[in-house]
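A.B. asks: Quick one, fold the following:
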Amino acid sequence: MMTYGKLANIEPKEVFTYFEEICNIPHGSKNIDKISNYLVEFAKEKKLNFIQDNYKNVIITKEASKGYEKVPTIILQGHMDMVTVQTADALINMETDGLDVSVSGDYVYAKNTSLGGDDGIALAYSLALLASDTIMSPRLEVIFTVDEEVGMDGARGIDLSTLQGNRLINLDSEEEGYLLAGCAGGGTITGTIPITREKGSGKVIEISISDLKGGHSGVEIDKERGNALYILARILRNIKKEVSFSLVSFKGGEKDNAIPCFGIAQILLAEENSDAFKKAFHTTSEMIKHEFSVKEPKVKIKENSLGVKSLPALTEESFTSFLRFMLFMPNGVQAMSMDIKGLPETSLNMGILEIEEAQMKVVVSVRSSLSSAKWELIEKITELIKNENGVSKLNGEYPAWEYKANSELRDSMCKLYKDVYGKEMEVLLIHAGLECGLLAEKIKDLDCVSIGPDMEDIHTTKEKLSISSTKRVWEFLVKFIENK
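C.D. replies: Numbering: from 1, shown residues only. Okay, here's the model as predicted:
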């Protein structure tokens, strides 16, 4: 049984108390009713005006403090949902249970699961500001959106016509000292390719790859981390060159925007080919481990015999189609920005692949800061799926958040940061997608920035949130809001 109150004495207490309450509520994407209703109950308790729409988005408004009535409204924004990933031995059900939060040194983490600092910390900061009787502020309009991680459906559907402000601080960034002023656009492609099966019998071998670093496909895509789906398919292709076998199943990845860190396949092998298989497997796995020794030093590649069985396996034609698709499917960064050093311009991430009974299902996340490049890559993937007699569907397409040459909000925040810390706040554009582009289409002349505290390994079971950074960003945010 989990114990709560572990973060109650961590400064800033008002932020971490709310953060732990949020962690106690299941709030994975598409499972947001409880967290949305929690925000509504908070607004009712604090006697604040609120709107909860049909999507379960929530907007809470706090009127200006005395003396701040003429200061322009500030909009704060974050998303309710988190990416839910867990280790194989995790004892909780993330659909129904809260997280088992813990502290280690300067970090908060969740045992055996993702933490949801992305974007639970935005909710915690916002609630602490809304609840405060001592922080002086202009009118605050706080937007809490749903399902950002699976297509930004909340931001896409929300009605913002009641808002008075046009200065928006998005709290969905993961690195202190950086101010984000633009991001890539993107979309998710779901494809299905038909397969046929035939009865087969023989030795069933399970091949698995695990312990890859994974990570956010917008933040870590340029680090060339191994994608378990591509690597596992490559292992199968190499072994197939040396020994005959049939493919029974293939499964890996959990989220379209998370780089897959595991994959499992089952093959059907004639017993007389066992020695040849072991030799080919050993040669291939050692090659992969050597190739990824620097990028993925902890990668594990295993094979395990499950005994002799009779199972329906892919026909040779379907297996060939699968290998061909994986061979020609692009992966990772496709182009780097020529304007901003070190920034990916266009990329894709195959986040999920599963061979089901009669079809192969693949889910791919595409990102680009150039609209034309984004659509070119979407068309390429669509054609690859079509070439294997498959069909595809584009979901969650969203525009890039374009950099504004003139931004009073950006300039004001950078000036205050230098006044407080004695150093420049670095202004960046990022490859990861934020909701700011969609919100800019709904709010006239929106002036928008994004900030946040240090987080590491978001969207993975190693995710952690820096306590000291959370405190500094909170203090900076309060100073900015109180600044007339």
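A.B. asks: partners of the lowest-mean-pLDDT helix or strand in the chain in the sheet?
C.D. replies: Ranked by mean pLDDT, DSSP states H and E, the helix or strand of the chain with the weakest confidence is strand 426-430, at a mean of 91. Note on strand 426-430: by DSSP bridges, its sheet partners are strand 178-183 (parallel).
A.B. asks: next helix or strand past the partner strand?
C.D. replies: If you walk from strand 178-183 toward the C-terminus, the next helix or strand you reach (DSSP states H and E) is strand 185-194.
A.B. asks: List the buried residues for that next one?
C.D. replies: 185-193 (16 or more other Cβ atoms under 10 Å). Heads up, the C-betas are built off the backbone N, CA and C, glycines and all.
A.B. asks: need the strands for the stretch 51-200 of the chain, in chain order.
C.D. replies: Assigned by DSSP state E, counting those that start in this stretch, the strands in the stretch 51-200 of the chain fall at 58-62, 74-79, 101-104, 107-110, 140-145, 167-170, 178-183, 185-194, 197-210.
A.B. asks: Now render these as a markdown table, adding distance to K393 and mean pLDDT.
C.D. replies: Formatted as a markdown table, the strands of the stretch 51-200 of the chain follow (distance: least, Cβ to Cβ, whole Å; pLDDT from 0 to 100):
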| stretch | distance to K393 | mean pLDDT |
| --- | --- | --- |
| strand 58-62 | 29 | 98 |
| strand 74-79 | 23 | 98 |
| strand 101-104 | 37 | 96 |
| strand 107-110 | 33 | 98 |
| strand 140-145 | 23 | 98 |
| strand 167-170 | 28 | 98 |
| strand 178-183 | 24 | 93 |
| strand 185-194 | 5 | 96 |
| strand 197-210 | 24 | 96 |
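A.B. asks: and of these, who's closest to K241?
C.D. replies: Nearest to K241, of all these, is strand 197-210, at 15.1 Å by Cβ to Cβ.
A.B. asks: which strands and helices sit next to the closest one?
C.D. replies: Packing contacts for strand 197-210, counted by 3 or more Cβ pairs under 8 Å, 6 or more residues apart in numbering; DSSP states H and E, involve helix 228-242, strand 246-252, strand 263-269, helix 274-291, strand 300-314.
A.B. asks: May I have that strand as CSV, with CA atoms only?
C.D. replies: What follows is strand 197-210 as a C-alpha-only set of coordinates in CSV (Å, rounded to 0.1, in the frame of the first residue of the first chain):
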residue,chain,number,x,y,z
ARG,A,197,-1.0,-17.0,-41.9
GLU,A,198,-0.6,-20.7,-42.3
LYS,A,199,-0.4,-23.6,-39.9
GLY,A,200,3.1,-24.5,-38.8
SER,A,201,4.8,-26.5,-36.1
GLY,A,202,8.3,-26.6,-34.6
LYS,A,203,10.4,-25.1,-31.9
VAL,A,204,9.0,-21.7,-30.7
ILE,A,205,11.8,-19.2,-29.9
GLU,A,206,11.1,-15.9,-28.2
ILE,A,207,13.6,-13.1,-29.2
SER,A,208,13.5,-9.9,-27.1
ILE,A,209,15.4,-6.6,-27.0
SER,A,210,15.1,-4.4,-23.9
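A.B. asks: how big is the angle separating that strand from helix 274-291?
C.D. replies: Using axes from the mean of the first three to the mean of the last three Cα atoms, to 10 degrees, the direction of strand 197-210 lies 40 degrees away from that of helix 274-291.
A.B. asks: what comes up buried for strand 197-210?
C.D. replies: So for strand 197-210, counting by 16+ other Cβ under 10 Å, buried means 197, 200, 202-205, 207-210.
A.B. asks: contact partners of the least confident helix or strand of the chain?
C.D. replies: Strand 426-430 is contacted from outside by 177-184, 218-219, 340, 343, 369, 403, 410, 414, using Cβ atoms under 8 Å, 6 or more residues apart in numbering.
A.B. asks: if we can go back for a sec, could you dump the buried residues of strand 185-194 to a markdown table with distance to L127?
C.D. replies: Output for those, formatted as a markdown table (distance: Cβ to Cβ, whole Å):
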| residue | distance to L127 |
| --- | --- |
| G185 | 30 |
| G186 | 29 |
| G187 | 32 |
| T188 | 30 |
| I189 | 36 |
| T190 | 35 |
| G191 | 40 |
| T192 | 41 |
| I193 | 45 |
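A.B. asks: between the residues you listed, which is nearest F325?
C.D. replies: The closest of the buried residues of strand 185-194 to F325 turns out to be I193 (Cβ to Cβ; 6.7 Å).
A.B. asks: Pipe the helices and strands packed on strand 197-210 into a markdown table and attach distance to L323 and mean neighbour count per row.
C.D. replies: Below are the helices and strands packed on strand 197-210 laid out as a markdown table (distance: least, Cβ to Cβ, whole Å; neighbours: other Cβ atoms under 10 Å):
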| stretch | distance to L323 | mean neighbour count |
| --- | --- | --- |
| helix 228-242 | 5 | 20 |
| strand 246-252 | 9 | 21 |
| strand 263-269 | 12 | 21 |
| helix 274-291 | 14 | 15 |
| strand 300-314 | 10 | 14 |
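A.B. asks: for the ones you listed, which one sits closest to E397?
C.D. replies: Across these, closest to E397 is helix 228-242 (Cβ to Cβ), at 22.6 Å.
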